[in-house]
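In: model the structure of this input:
(chains A and B)
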Number of protein chains: 2
Amino acid sequence: MTIQNEPVSNDGLIRIRLDLGYNGTGYFGWAKQPNGLKTIQGELESALIAITGLAEVKTIVGGRTDAGVHARGQVCHIDLPVEFVNEQISRLGRRLRAVLPESIVVSQVTQVSKDFDARFAALARRYSYRIADRSVDPLTLSSVMIHDAPLDLDAMNAASKLLQGLNDFTAYCKANTVGTRIRELQEFSWHRHDDLVIATVKADAFCYSMVRTLVGALIPVGDGRKDIEWPYRILKAAQKIFEINVAPGHALVLEEIYYPAEKEFADRVSSTKAMRSPEEVE
Amino acid sequence: MTIQNEPVSNDGLIRIRLDLGYNGTGYFGWAKQPNGLKTIQGELESALIAITGLAEVKTIVGGRTDAGVHARGQVCHIDLPVEFVNEQISRLGRRLRAVLPESIVVSQVTQVSKDFDARFAALARRYSYRIADRSVDPLTLSSVMIHDAPLDLDAMNAASKLLQGLNDFTAYCKANTVGTRIRELQEFSWHRHDDLVIATVKADAFCYSMVRTLVGALIPVGDGRKDIEWPYRILKAAQKIFEINVAPGHALVLEEIYYPAEKEFADRVSSTKAMRSPEEVE
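Out: Prediction:
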(Lines give C-alpha, C1' and ligand atoms only; values in the text may rest on other atoms or scores of the structure.)
Protein backbone atom coordinates (compact mmCIF):
# COMPACT_ATOMS: atom_id res chain seq x y z
CA MET A 1 0.00 0.00 0.00
CA THR A 2 1.39 3.33 -1.10
CA ILE A 3 -0.17 6.46 0.35
CA GLN A 4 0.89 9.48 -1.62
CA ASN A 5 -0.84 12.04 0.62
CA GLU A 6 -2.64 13.74 -2.24
CA PRO A 7 -4.66 16.82 -1.38
CA VAL A 8 -8.38 16.14 -1.02
CA SER A 9 -10.29 17.46 -4.01
CA ASN A 10 -13.18 19.88 -3.61
CA ASP A 11 -15.90 17.23 -3.64
CA GLY A 12 -14.53 15.54 -0.50
CA LEU A 13 -13.67 12.41 -2.46
CA ILE A 14 -10.32 10.67 -2.77
CA ARG A 15 -9.35 8.60 -5.80
CA ILE A 16 -8.22 5.01 -5.15
CA ARG A 17 -6.53 2.73 -7.67
CA LEU A 18 -7.22 -1.01 -7.36
CA ASP A 19 -4.92 -3.55 -9.03
CA LEU A 20 -6.59 -6.92 -9.42
CA GLY A 21 -6.61 -10.26 -11.15
CA TYR A 22 -9.41 -12.74 -11.71
CA ASN A 23 -10.24 -16.13 -13.08
CA GLY A 24 -12.97 -15.26 -15.58
CA THR A 25 -14.48 -18.76 -15.68
CA GLY A 26 -18.18 -18.49 -14.88
CA TYR A 27 -18.27 -14.68 -15.17
CA PHE A 28 -20.06 -12.79 -17.93
CA GLY A 29 -17.09 -10.50 -18.35
CA TRP A 30 -16.10 -7.32 -16.52
CA ALA A 31 -19.08 -5.07 -17.26
CA LYS A 32 -22.08 -5.14 -14.90
CA GLN A 33 -25.16 -6.67 -16.54
CA PRO A 34 -28.66 -5.40 -15.94
CA ASN A 35 -30.12 -8.93 -15.73
CA GLY A 36 -28.24 -10.09 -12.64
CA LEU A 37 -25.65 -12.17 -14.52
CA LYS A 38 -22.46 -12.68 -12.52
CA THR A 39 -19.76 -10.17 -13.58
CA ILE A 40 -16.45 -9.00 -12.12
CA GLN A 41 -17.62 -5.37 -11.85
CA GLY A 42 -20.84 -6.50 -10.20
CA GLU A 43 -19.01 -8.58 -7.56
CA LEU A 44 -16.43 -5.87 -6.92
CA GLU A 45 -18.95 -3.01 -6.58
CA SER A 46 -21.14 -5.14 -4.27
CA ALA A 47 -18.11 -5.89 -2.09
CA LEU A 48 -17.15 -2.19 -2.00
CA ILE A 49 -20.70 -1.18 -1.06
CA ALA A 50 -20.76 -3.81 1.70
CA ILE A 51 -17.43 -2.57 3.10
CA THR A 52 -17.97 1.19 2.80
CA GLY A 53 -21.66 1.32 3.63
CA LEU A 54 -22.13 3.73 0.69
CA ALA A 55 -25.28 3.53 -1.45
CA GLU A 56 -23.20 3.26 -4.62
CA VAL A 57 -19.57 2.77 -5.63
CA LYS A 58 -18.71 3.21 -9.30
CA THR A 59 -15.62 1.52 -10.71
CA ILE A 60 -13.88 2.79 -13.88
CA VAL A 61 -11.81 0.07 -15.49
CA GLY A 62 -8.68 0.05 -17.67
CA GLY A 63 -9.50 -3.01 -19.76
CA ARG A 64 -13.11 -4.10 -20.16
CA THR A 65 -12.86 -7.89 -20.50
CA ASP A 66 -15.39 -10.13 -22.20
CA ALA A 67 -17.16 -13.26 -20.88
CA GLY A 68 -14.71 -15.94 -19.70
CA VAL A 69 -11.65 -13.73 -20.18
CA HIS A 70 -9.13 -13.74 -17.31
CA ALA A 71 -6.97 -10.94 -15.92
CA ARG A 72 -3.67 -10.84 -14.10
CA GLY A 73 -3.09 -7.10 -14.44
CA GLN A 74 -6.48 -5.37 -14.39
CA VAL A 75 -6.67 -1.82 -13.00
CA CYS A 76 -9.70 0.21 -11.96
CA HIS A 77 -10.32 3.35 -9.94
CA ILE A 78 -13.00 4.44 -7.49
CA ASP A 79 -13.69 7.65 -5.57
CA LEU A 80 -14.31 7.31 -1.84
CA PRO A 81 -15.18 9.89 0.84
CA VAL A 82 -12.16 11.37 2.59
CA GLU A 83 -13.49 10.24 6.01
CA PHE A 84 -13.61 6.61 4.92
CA VAL A 85 -10.17 6.80 3.33
CA ASN A 86 -8.58 8.38 6.39
CA GLU A 87 -9.96 5.74 8.72
CA GLN A 88 -10.13 2.59 6.63
CA ILE A 89 -7.85 2.70 3.63
CA SER A 90 -5.09 0.60 5.21
CA ARG A 91 -7.60 -2.19 5.78
CA LEU A 92 -9.41 -1.99 2.42
CA GLY A 93 -7.27 -4.59 0.59
CA ARG A 94 -7.62 -7.11 3.41
CA ARG A 95 -11.35 -6.55 3.70
CA LEU A 96 -11.84 -6.93 -0.07
CA ARG A 97 -9.97 -10.23 0.00
CA ALA A 98 -12.25 -11.39 2.82
CA VAL A 99 -15.49 -10.37 1.08
CA LEU A 100 -14.74 -11.16 -2.60
CA PRO A 101 -14.98 -14.65 -4.07
CA GLU A 102 -11.61 -16.48 -4.24
CA SER A 103 -11.58 -16.04 -8.04
CA ILE A 104 -11.13 -12.24 -7.74
CA VAL A 105 -7.85 -11.18 -6.15
CA VAL A 106 -7.19 -7.51 -5.31
CA SER A 107 -3.42 -7.29 -5.10
CA GLN A 108 -2.94 -3.56 -4.42
CA VAL A 109 -4.88 -0.57 -3.10
CA THR A 110 -3.25 2.80 -3.81
CA GLN A 111 -4.37 6.36 -3.08
CA VAL A 112 -3.75 8.34 -6.29
CA SER A 113 -4.05 11.83 -7.68
CA LYS A 114 -7.45 12.92 -9.04
CA ASP A 115 -5.76 13.18 -12.44
CA PHE A 116 -5.39 9.40 -12.58
CA ASP A 117 -8.02 7.67 -14.69
CA ALA A 118 -7.80 3.88 -15.03
CA ARG A 119 -9.36 4.10 -18.48
CA PHE A 120 -8.28 7.34 -20.10
CA ALA A 121 -4.80 7.63 -18.56
CA ALA A 122 -3.74 4.22 -19.88
CA LEU A 123 -0.96 4.26 -22.46
CA ALA A 124 -1.34 0.64 -23.56
CA ARG A 125 -2.82 -2.77 -22.75
CA ARG A 126 -1.06 -6.12 -23.06
CA TYR A 127 -2.92 -9.43 -23.45
CA SER A 128 -1.74 -13.04 -23.75
CA TYR A 129 -3.52 -15.85 -25.57
CA ARG A 130 -2.72 -19.52 -24.76
CA ILE A 131 -3.04 -22.42 -27.21
CA ALA A 132 -2.26 -26.14 -26.74
CA ASP A 133 -1.27 -27.70 -30.08
CA ARG A 134 0.65 -30.75 -28.81
CA SER A 135 -0.90 -32.24 -25.70
CA VAL A 136 -3.78 -31.37 -23.41
CA ASP A 137 -2.98 -30.57 -19.77
CA PRO A 138 -6.17 -31.06 -17.74
CA LEU A 139 -4.91 -28.52 -15.19
CA THR A 140 -4.96 -25.62 -17.66
CA LEU A 141 -8.11 -26.56 -19.60
CA SER A 142 -10.08 -23.56 -18.35
CA SER A 143 -7.58 -21.05 -19.73
CA VAL A 144 -6.16 -22.72 -22.85
CA MET A 145 -7.55 -23.20 -26.35
CA ILE A 146 -6.97 -26.64 -27.85
CA HIS A 147 -5.89 -26.77 -31.49
CA ASP A 148 -5.66 -30.14 -33.23
CA ALA A 149 -2.80 -29.37 -35.64
CA PRO A 150 0.79 -28.34 -34.80
CA LEU A 151 1.47 -24.61 -35.15
CA ASP A 152 4.49 -23.16 -36.94
CA LEU A 153 5.58 -20.23 -34.80
CA ASP A 154 8.04 -18.87 -37.35
CA ALA A 155 5.24 -18.46 -39.86
CA MET A 156 2.96 -16.94 -37.22
CA ASN A 157 5.61 -14.48 -36.09
CA ALA A 158 6.34 -13.42 -39.68
CA ALA A 159 2.63 -12.89 -40.36
CA SER A 160 2.00 -11.07 -37.06
CA LYS A 161 4.87 -8.68 -37.64
CA LEU A 162 3.17 -7.41 -40.80
CA LEU A 163 0.20 -6.25 -38.70
CA GLN A 164 2.26 -4.24 -36.21
CA GLY A 165 2.24 -0.46 -36.22
CA LEU A 166 -0.42 2.24 -36.57
CA ASN A 167 -3.16 0.77 -38.75
CA ASP A 168 -6.85 0.91 -39.47
CA PHE A 169 -8.05 -2.32 -37.78
CA THR A 170 -11.59 -2.20 -39.21
CA ALA A 171 -11.18 -5.78 -40.47
CA TYR A 172 -10.36 -6.94 -36.94
CA CYS A 173 -13.02 -4.92 -35.10
CA LYS A 174 -16.69 -5.77 -34.62
CA ALA A 175 -18.83 -4.22 -37.35
CA ASN A 176 -20.68 -2.03 -34.82
CA THR A 177 -17.47 -0.53 -33.37
CA VAL A 178 -18.05 3.09 -32.34
CA GLY A 179 -15.49 5.75 -33.33
CA THR A 180 -12.11 5.30 -34.93
CA ARG A 181 -10.74 1.85 -35.72
CA ILE A 182 -7.18 3.12 -35.88
CA ARG A 183 -4.99 1.47 -33.25
CA GLU A 184 -1.27 1.16 -32.72
CA LEU A 185 -0.42 -2.54 -32.49
CA GLN A 186 2.84 -2.27 -30.57
CA GLU A 187 3.59 -5.98 -30.22
CA PHE A 188 2.12 -9.12 -31.74
CA SER A 189 4.40 -12.13 -31.24
CA TRP A 190 4.36 -15.85 -30.44
CA HIS A 191 6.51 -18.08 -28.23
CA ARG A 192 6.35 -21.48 -26.56
CA HIS A 193 6.28 -21.89 -22.78
CA ASP A 194 5.59 -25.16 -20.93
CA ASP A 195 4.46 -26.79 -24.18
CA LEU A 196 1.88 -24.04 -24.77
CA VAL A 197 1.87 -21.61 -27.67
CA ILE A 198 1.47 -18.10 -26.24
CA ALA A 199 0.62 -14.92 -28.11
CA THR A 200 1.62 -11.52 -26.75
CA VAL A 201 -0.60 -8.73 -28.05
CA LYS A 202 0.01 -5.13 -26.98
CA ALA A 203 -1.65 -1.99 -28.33
CA ASP A 204 -2.53 1.52 -27.19
CA ALA A 205 -6.15 0.33 -27.15
CA PHE A 206 -8.27 -2.47 -28.60
CA CYS A 207 -11.70 -2.49 -30.13
CA TYR A 208 -14.17 -5.18 -29.12
CA SER A 209 -12.95 -8.77 -29.76
CA MET A 210 -9.87 -7.45 -31.60
CA VAL A 211 -7.33 -9.69 -29.84
CA ARG A 212 -9.44 -12.79 -30.42
CA THR A 213 -9.95 -11.88 -34.08
CA LEU A 214 -6.21 -11.34 -34.57
CA VAL A 215 -5.49 -14.72 -32.94
CA GLY A 216 -8.21 -16.32 -35.07
CA ALA A 217 -6.56 -14.97 -38.24
CA LEU A 218 -3.12 -16.24 -37.25
CA ILE A 219 -4.03 -19.85 -36.38
CA PRO A 220 -4.65 -20.87 -40.03
CA VAL A 221 -1.24 -19.38 -40.86
CA GLY A 222 0.30 -21.49 -38.11
CA ASP A 223 -1.22 -24.76 -39.30
CA GLY A 224 -0.53 -24.04 -42.96
CA ARG A 225 -4.06 -23.45 -44.26
CA LYS A 226 -3.22 -19.83 -45.10
CA ASP A 227 -0.09 -18.09 -46.30
CA ILE A 228 1.92 -15.58 -44.27
CA GLU A 229 0.46 -12.53 -46.01
CA TRP A 230 -3.19 -13.54 -45.58
CA PRO A 231 -3.80 -11.62 -42.28
CA TYR A 232 -2.08 -8.57 -43.78
CA ARG A 233 -4.24 -8.67 -46.91
CA ILE A 234 -7.32 -8.75 -44.67
CA LEU A 235 -6.02 -5.75 -42.74
CA LYS A 236 -5.48 -3.78 -45.95
CA ALA A 237 -8.91 -4.72 -47.35
CA ALA A 238 -10.25 -3.00 -44.20
CA GLN A 239 -13.43 -5.04 -44.33
CA LYS A 240 -14.81 -7.52 -41.81
CA ILE A 241 -14.54 -10.99 -43.31
CA PHE A 242 -16.37 -14.02 -42.02
CA GLU A 243 -13.65 -16.52 -42.83
CA ILE A 244 -11.89 -15.75 -39.54
CA ASN A 245 -12.95 -17.87 -36.56
CA VAL A 246 -12.80 -15.48 -33.62
CA ALA A 247 -10.79 -17.40 -30.98
CA PRO A 248 -12.68 -18.28 -27.76
CA GLY A 249 -12.53 -15.94 -24.74
CA HIS A 250 -11.52 -18.47 -22.07
CA ALA A 251 -7.87 -18.58 -23.33
CA LEU A 252 -7.40 -14.79 -23.23
CA VAL A 253 -5.66 -13.06 -20.31
CA LEU A 254 -5.33 -9.31 -19.70
CA GLU A 255 -1.72 -9.23 -18.48
CA GLU A 256 -0.87 -5.58 -17.93
CA ILE A 257 -2.05 -2.00 -18.36
CA TYR A 258 0.60 0.68 -18.81
CA TYR A 259 0.30 4.19 -17.33
CA PRO A 260 2.55 7.25 -17.62
CA ALA A 261 4.30 8.90 -14.69
CA GLU A 262 1.94 10.80 -12.38
CA LYS A 263 2.73 14.30 -13.72
CA GLU A 264 1.60 13.15 -17.18
CA PHE A 265 -1.80 11.75 -16.09
CA ALA A 266 -3.78 14.89 -16.99
CA ASP A 267 -2.19 15.29 -20.42
CA ARG A 268 -2.74 11.65 -21.27
CA VAL A 269 -6.39 11.77 -20.18
CA SER A 270 -7.17 14.78 -22.32
CA SER A 271 -5.40 13.45 -25.40
CA THR A 272 -7.16 10.06 -25.07
CA LYS A 273 -10.55 11.74 -24.62
CA ALA A 274 -9.96 13.80 -27.75
CA MET A 275 -9.22 10.62 -29.72
CA ARG A 276 -11.84 8.19 -28.39
CA SER A 277 -15.58 8.44 -28.07
CA PRO A 278 -17.00 7.66 -24.61
CA GLU A 279 -18.74 4.51 -25.90
CA GLU A 280 -15.56 2.94 -27.19
CA VAL A 281 -14.19 -0.21 -25.63
CA GLU A 282 -10.48 -0.35 -24.93
CA MET B 1 -2.24 -46.36 -30.40
CA THR B 2 0.11 -49.35 -30.16
CA ILE B 3 -1.32 -52.75 -30.94
CA GLN B 4 1.01 -55.41 -29.72
CA ASN B 5 -0.99 -58.36 -31.09
CA GLU B 6 -1.05 -60.21 -27.82
CA PRO B 7 -2.63 -63.67 -27.85
CA VAL B 8 -6.19 -63.70 -26.54
CA SER B 9 -6.30 -65.23 -23.08
CA ASN B 10 -8.57 -68.18 -22.28
CA ASP B 11 -11.45 -66.09 -20.97
CA GLY B 12 -11.91 -64.32 -24.30
CA LEU B 13 -10.90 -60.99 -22.79
CA ILE B 14 -8.17 -58.62 -23.90
CA ARG B 15 -6.40 -56.26 -21.51
CA ILE B 16 -6.38 -52.57 -22.43
CA ARG B 17 -4.21 -49.91 -20.81
CA LEU B 18 -5.67 -46.39 -20.60
CA ASP B 19 -3.42 -43.38 -19.99
CA LEU B 20 -5.35 -40.38 -18.77
CA GLY B 21 -5.27 -37.02 -17.04
CA TYR B 22 -7.95 -35.11 -15.21
CA ASN B 23 -8.73 -31.88 -13.47
CA GLY B 24 -9.87 -33.16 -10.07
CA THR B 25 -11.82 -30.00 -9.16
CA GLY B 26 -15.35 -31.01 -8.27
CA TYR B 27 -14.59 -34.75 -8.14
CA PHE B 28 -14.61 -36.79 -4.95
CA GLY B 29 -11.36 -38.49 -5.99
CA TRP B 30 -10.69 -41.48 -8.20
CA ALA B 31 -12.56 -44.23 -6.36
CA LYS B 32 -16.22 -44.83 -7.15
CA GLN B 33 -18.51 -43.86 -4.28
CA PRO B 34 -21.63 -45.79 -3.34
CA ASN B 35 -23.66 -42.62 -2.73
CA GLY B 36 -23.58 -41.26 -6.25
CA LEU B 37 -20.89 -38.64 -5.61
CA LYS B 38 -19.05 -37.63 -8.79
CA THR B 39 -15.74 -39.53 -9.12
CA ILE B 40 -13.24 -40.11 -11.93
CA GLN B 41 -13.69 -43.88 -11.83
CA GLY B 42 -17.47 -43.47 -11.85
CA GLU B 43 -17.40 -41.20 -14.93
CA LEU B 44 -14.89 -43.41 -16.75
CA GLU B 45 -16.71 -46.68 -16.09
CA SER B 46 -20.05 -45.13 -17.11
CA ALA B 47 -18.48 -43.93 -20.36
CA LEU B 48 -16.97 -47.37 -21.03
CA ILE B 49 -20.32 -49.07 -20.36
CA ALA B 50 -22.07 -46.64 -22.71
CA ILE B 51 -19.52 -47.26 -25.47
CA THR B 52 -19.14 -51.04 -25.14
CA GLY B 53 -22.72 -51.93 -24.26
CA LEU B 54 -21.40 -54.24 -21.52
CA ALA B 55 -23.28 -54.54 -18.23
CA GLU B 56 -20.12 -53.74 -16.28
CA VAL B 57 -16.58 -52.52 -16.95
CA LYS B 58 -14.13 -52.64 -14.03
CA THR B 59 -11.13 -50.30 -14.02
CA ILE B 60 -7.98 -51.10 -12.01
CA VAL B 61 -5.96 -47.97 -11.33
CA GLY B 62 -2.27 -47.24 -10.77
CA GLY B 63 -2.66 -44.31 -8.38
CA ARG B 64 -5.88 -43.90 -6.41
CA THR B 65 -6.21 -40.12 -6.03
CA ASP B 66 -8.11 -38.35 -3.29
CA ALA B 67 -10.84 -35.67 -3.56
CA GLY B 68 -9.74 -32.64 -5.57
CA VAL B 69 -6.40 -34.19 -6.59
CA HIS B 70 -5.44 -33.84 -10.27
CA ALA B 71 -3.61 -36.22 -12.58
CA ARG B 72 -1.50 -35.77 -15.66
CA GLY B 73 -0.12 -39.32 -15.79
CA GLN B 74 -2.79 -41.65 -14.43
CA VAL B 75 -2.89 -45.24 -15.74
CA CYS B 76 -5.61 -47.85 -15.45
CA HIS B 77 -6.46 -51.14 -17.13
CA ILE B 78 -9.68 -52.82 -18.21
CA ASP B 79 -10.50 -56.18 -19.77
CA LEU B 80 -12.74 -56.13 -22.84
CA PRO B 81 -14.18 -58.96 -24.99
CA VAL B 82 -11.99 -59.91 -27.94
CA GLU B 83 -14.85 -59.21 -30.40
CA PHE B 84 -15.20 -55.60 -29.19
CA VAL B 85 -11.45 -55.07 -29.26
CA ASN B 86 -11.06 -56.45 -32.79
CA GLU B 87 -13.80 -54.22 -34.16
CA GLN B 88 -13.67 -51.08 -32.07
CA ILE B 89 -10.30 -50.61 -30.36
CA SER B 90 -8.99 -48.12 -32.89
CA ARG B 91 -12.00 -45.89 -32.19
CA LEU B 92 -12.07 -46.28 -28.38
CA GLY B 93 -9.89 -43.26 -27.57
CA ARG B 94 -11.90 -40.98 -29.84
CA ARG B 95 -15.21 -42.25 -28.49
CA LEU B 96 -14.06 -41.79 -24.89
CA ARG B 97 -13.08 -38.20 -25.62
CA ALA B 98 -16.54 -37.62 -27.09
CA VAL B 99 -18.43 -39.17 -24.15
CA LEU B 100 -16.31 -38.10 -21.15
CA PRO B 101 -16.55 -34.64 -19.56
CA GLU B 102 -13.87 -32.20 -20.80
CA SER B 103 -12.11 -32.45 -17.42
CA ILE B 104 -11.11 -36.10 -18.04
CA VAL B 105 -8.71 -36.59 -20.97
CA VAL B 106 -7.81 -40.10 -22.18
CA SER B 107 -4.52 -39.61 -24.03
CA GLN B 108 -3.69 -43.21 -25.00
CA VAL B 109 -5.41 -46.56 -25.48
CA THR B 110 -3.01 -49.52 -25.69
CA GLN B 111 -3.63 -53.25 -26.02
CA VAL B 112 -1.31 -54.91 -23.49
CA SER B 113 -0.30 -58.35 -22.24
CA LYS B 114 -2.51 -60.01 -19.60
CA ASP B 115 0.51 -59.80 -17.28
CA PHE B 116 0.19 -56.00 -17.18
CA ASP B 117 -1.54 -54.72 -14.06
CA ALA B 118 -1.92 -50.94 -13.68
CA ARG B 119 -1.73 -51.28 -9.91
CA PHE B 120 0.53 -54.19 -9.08
CA ALA B 121 2.99 -53.90 -11.99
CA ALA B 122 3.84 -50.29 -11.11
CA LEU B 123 7.43 -49.68 -10.02
CA ALA B 124 6.88 -46.16 -8.70
CA ARG B 125 4.59 -43.13 -8.65
CA ARG B 126 5.62 -39.49 -8.98
CA TYR B 127 3.53 -36.59 -7.67
CA SER B 128 4.00 -32.82 -7.75
CA TYR B 129 2.72 -30.31 -5.23
CA ARG B 130 2.35 -26.60 -6.12
CA ILE B 131 2.59 -23.70 -3.66
CA ALA B 132 2.36 -19.93 -4.26
CA ASP B 133 4.39 -18.07 -1.64
CA ARG B 134 4.95 -14.77 -3.50
CA SER B 135 1.92 -13.75 -5.52
CA VAL B 136 -1.43 -15.25 -6.36
CA ASP B 137 -2.17 -16.06 -10.01
CA PRO B 138 -5.96 -16.27 -10.40
CA LEU B 139 -5.47 -18.65 -13.36
CA THR B 140 -3.89 -21.38 -11.24
CA LEU B 141 -5.98 -20.97 -8.07
CA SER B 142 -7.69 -24.34 -8.45
CA SER B 143 -4.40 -26.26 -8.44
CA VAL B 144 -2.11 -24.21 -6.20
CA MET B 145 -1.89 -23.85 -2.42
CA ILE B 146 -1.39 -20.29 -1.18
CA HIS B 147 1.14 -19.78 1.62
CA ASP B 148 1.45 -16.36 3.23
CA ALA B 149 5.17 -16.46 4.10
CA PRO B 150 8.15 -16.84 1.72
CA LEU B 151 9.61 -20.35 1.57
CA ASP B 152 13.34 -21.11 1.81
CA LEU B 153 13.91 -23.89 -0.73
CA ASP B 154 17.46 -24.62 0.42
CA ALA B 155 16.18 -25.45 3.89
CA MET B 156 13.29 -27.50 2.45
CA ASN B 157 15.60 -29.46 0.16
CA ALA B 158 18.02 -30.20 3.01
CA ALA B 159 15.16 -31.38 5.23
CA SER B 160 13.50 -33.43 2.45
CA LYS B 161 16.74 -35.21 1.62
CA LEU B 162 16.87 -36.63 5.15
CA LEU B 163 13.56 -38.43 4.51
CA GLN B 164 14.66 -40.12 1.28
CA GLY B 165 15.35 -43.84 1.12
CA LEU B 166 13.68 -46.99 2.49
CA ASN B 167 11.96 -45.95 5.71
CA ASP B 168 9.05 -46.76 7.96
CA PHE B 169 6.65 -43.89 7.13
CA THR B 170 4.19 -44.63 9.97
CA ALA B 171 4.43 -40.98 11.08
CA TYR B 172 3.38 -39.83 7.59
CA CYS B 173 0.60 -42.41 7.02
CA LYS B 174 -2.99 -42.30 8.24
CA ALA B 175 -3.37 -44.10 11.57
CA ASN B 176 -5.69 -46.69 10.01
CA THR B 177 -3.22 -47.64 7.23
CA VAL B 178 -3.51 -51.36 6.39
CA GLY B 179 -0.32 -53.41 6.05
CA THR B 180 3.28 -52.27 6.05
CA ARG B 181 4.16 -48.57 6.26
CA ILE B 182 7.60 -49.16 4.80
CA ARG B 183 8.08 -47.24 1.56
CA GLU B 184 11.04 -46.24 -0.54
CA LEU B 185 10.98 -42.46 -0.96
CA GLN B 186 13.07 -42.20 -4.12
CA GLU B 187 12.87 -38.45 -4.59
CA PHE B 188 11.65 -35.57 -2.46
CA SER B 189 12.86 -32.20 -3.76
CA TRP B 190 11.76 -28.60 -4.32
CA HIS B 191 12.26 -26.12 -7.13
CA ARG B 192 10.73 -22.87 -8.43
CA HIS B 193 8.93 -22.65 -11.77
CA ASP B 194 6.89 -19.68 -12.98
CA ASP B 195 7.02 -18.12 -9.50
CA LEU B 196 5.53 -21.29 -7.95
CA VAL B 197 7.26 -23.55 -5.45
CA ILE B 198 6.95 -27.12 -6.70
CA ALA B 199 7.64 -30.32 -4.78
CA THR B 200 8.57 -33.53 -6.61
CA VAL B 201 7.73 -36.63 -4.59
CA LYS B 202 8.47 -40.09 -5.98
CA ALA B 203 8.21 -43.43 -4.18
CA ASP B 204 7.57 -47.09 -4.97
CA ALA B 205 4.18 -46.59 -3.37
CA PHE B 206 2.41 -44.20 -1.01
CA CYS B 207 0.05 -44.78 1.86
CA TYR B 208 -3.08 -42.64 2.16
CA SER B 209 -2.40 -38.86 2.37
CA MET B 210 1.38 -39.50 2.61
CA VAL B 211 2.40 -36.88 0.01
CA ARG B 212 0.20 -34.23 1.58
CA THR B 213 1.53 -35.04 5.07
CA LEU B 214 5.14 -34.85 3.83
CA VAL B 215 4.42 -31.47 2.21
CA GLY B 216 2.65 -30.34 5.39
CA ALA B 217 5.75 -31.19 7.44
CA LEU B 218 8.10 -29.33 5.11
CA ILE B 219 6.23 -26.01 4.88
CA PRO B 220 7.10 -24.96 8.47
CA VAL B 221 10.75 -25.74 7.67
CA GLY B 222 10.48 -23.49 4.60
CA ASP B 223 9.04 -20.51 6.48
CA GLY B 224 11.39 -20.93 9.44
CA ARG B 225 8.97 -22.14 12.11
CA LYS B 226 10.76 -25.49 12.36
CA ASP B 227 14.38 -26.55 11.99
CA ILE B 228 15.74 -28.70 9.18
CA GLU B 229 15.82 -31.91 11.23
CA TRP B 230 12.22 -31.63 12.47
CA PRO B 231 10.59 -33.76 9.72
CA TYR B 232 13.34 -36.38 10.17
CA ARG B 233 12.79 -36.56 13.94
CA ILE B 234 9.09 -37.14 13.28
CA LEU B 235 9.97 -39.93 10.84
CA LYS B 236 12.22 -41.62 13.40
CA ALA B 237 9.66 -41.28 16.21
CA ALA B 238 7.41 -43.36 13.89
CA GLN B 239 4.27 -41.97 15.48
CA LYS B 240 1.50 -39.92 13.94
CA ILE B 241 1.72 -36.38 15.34
CA PHE B 242 -1.02 -33.82 15.08
CA GLU B 243 1.25 -30.82 14.76
CA ILE B 244 1.48 -31.38 10.98
CA ASN B 245 -1.14 -29.64 8.87
CA VAL B 246 -1.84 -32.10 6.06
CA ALA B 247 -1.61 -29.95 2.90
CA PRO B 248 -4.85 -29.58 0.87
CA GLY B 249 -5.58 -31.98 -2.00
CA HIS B 250 -6.34 -29.42 -4.73
CA ALA B 251 -2.62 -28.56 -5.20
CA LEU B 252 -1.53 -32.21 -5.66
CA VAL B 253 -0.94 -33.70 -9.12
CA LEU B 254 -0.21 -37.34 -9.99
CA GLU B 255 2.43 -36.78 -12.66
CA GLU B 256 3.64 -40.23 -13.68
CA ILE B 257 3.46 -43.94 -12.94
CA TYR B 258 6.51 -46.04 -13.82
CA TYR B 259 6.26 -49.60 -15.17
CA PRO B 260 8.96 -52.18 -16.02
CA ALA B 261 9.54 -53.59 -19.50
CA GLU B 262 6.81 -56.00 -20.62
CA LYS B 263 8.75 -59.20 -19.91
CA GLU B 264 9.07 -58.17 -16.25
CA PHE B 265 5.32 -57.47 -15.68
CA ALA B 266 4.57 -60.89 -14.14
CA ASP B 267 7.55 -60.83 -11.75
CA ARG B 268 6.75 -57.32 -10.60
CA VAL B 269 3.08 -58.16 -10.01
CA SER B 270 3.89 -61.19 -7.85
CA SER B 271 6.55 -59.38 -5.81
CA THR B 272 4.21 -56.43 -5.19
CA LYS B 273 1.35 -58.71 -4.20
CA ALA B 274 3.64 -60.50 -1.71
CA MET B 275 4.54 -57.14 -0.14
CA ARG B 276 1.19 -55.33 -0.10
CA SER B 277 -2.21 -56.28 1.23
CA PRO B 278 -5.11 -55.95 -1.22
CA GLU B 279 -6.66 -53.11 0.82
CA GLU B 280 -3.60 -50.91 0.64
CA VAL B 281 -3.68 -47.64 -1.22
CA GLU B 282 -0.74 -46.82 -3.44
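In: quick one: contacts for A:L153?
Out: Neighbouring residues of A:L153 by CB atoms under 8 Å, 6 or more residues apart in numbering or on different chains: A:W190, A:H191, A:R192, A:V197, A:G222. Every C-beta, even on glycine, is put in place using the N, C-alpha and C of the backbone.
In: the residue in the stretch 101-250 of chain A that chain B sits nearest to and B:G93: what is the separation?
Out: Residue nearest to chain B within the stretch 101-250 of chain A (CB to the nearest CB): A:P138, separated by 4.3 Å. Distance of A:P138 to B:G93, given as CB to CB, to the nearest Å: 15 Å.
In: okay, the two: which has more neighbours?
Out: A:P138 (23 against 17; other CB atoms under 10 Å in any protein chain shown).
In: who in chain A is up against chain B?
Out: Among all residues of chain A, those adjacent to chain B (criterion: CB under 8 Å from any CB of the partner chain) are A:21-23, A:70-72, A:102-105, A:107, A:135-143, A:194, A:253.
In: dump the residue contacts of the residue positioned nearest the centre of chain A.
Out: In chain A, the residue lying closest to the centroid (CA atoms, centre = their mean) is A:G63, at 3.5 Å. By CB under 8 Å, 6+ apart, A:G63 lies in contact with A:W30, A:A71, A:Q74, A:V75, A:A122, A:R125, A:L254, A:I257, A:E282.
In: did I read that right, the third one in a strand?
Out: Yes: inclusion of A:Q74 in a strand is indicated when DSSP: H, G, I helix; E, B strand; the rest coil is applied.
In: after the longest helix seen in chain A comes which helix or strand?
Out: Longest helix of chain A, by residue count under DSSP state H: helix A:82-99. Next helix or strand after helix A:82-99 toward the C-terminus (DSSP states H and E): strand A:104-112.
In: specify the angle between that next one and helix A:82-99 in degrees.
Out: 160 degrees (axes from the mean of the first three to the mean of the last three CA atoms, to 10 degrees).
In: contacts for stretch A:190-203 next, please.
Out: A:124-135, A:137, A:140, A:144, A:147, A:151, A:153, A:156-157, A:160, A:183-189, A:210-211, A:214-215, A:218, A:222, A:255, B:194.
In: and it, what's its mean pLDDT?
Out: Taken as a whole, stretch A:190-203 has an average pLDDT of 96.
In: for the helix or strand of chain A with the lowest mean pLDDT, give me every contacting residue.
Out: In chain A, no helix or strand scores lower on mean pLDDT, DSSP states H and E than helix A:265-275, which sits at a mean of 89. With contact meaning CB under 8 Å, 6+ apart, helix A:265-275 is reached by A:S113, A:D115, A:F116, A:D117, A:F120, A:A121, A:A122, A:L123, A:T180, A:Y259, A:P260.
In: out of the contacts of A:L153, which are inside strands?
Out: A:W190, A:H191, A:R192, A:V197 (DSSP state E).
In: buried subset of those, written for PyMOL?
Out: Burial among the ones in strands among the contacts of A:L153 is assessed by 16 or more other CB atoms under 10 Å in any protein chain shown; the matching PyMOL selection reads:
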select buried, chain A and resi 190+197
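In: now, which of the ones in strands among the contacts of A:L153 sits nearest A:N35?
Out: A:V197 (36.0 Å; CB to CB).
In: out of the contacts of A:G63, which comes closest to chain B?
Out: Among those, and counting by CB to the nearest CB, the member closest to chain B is A:A71, at 7.4 Å.
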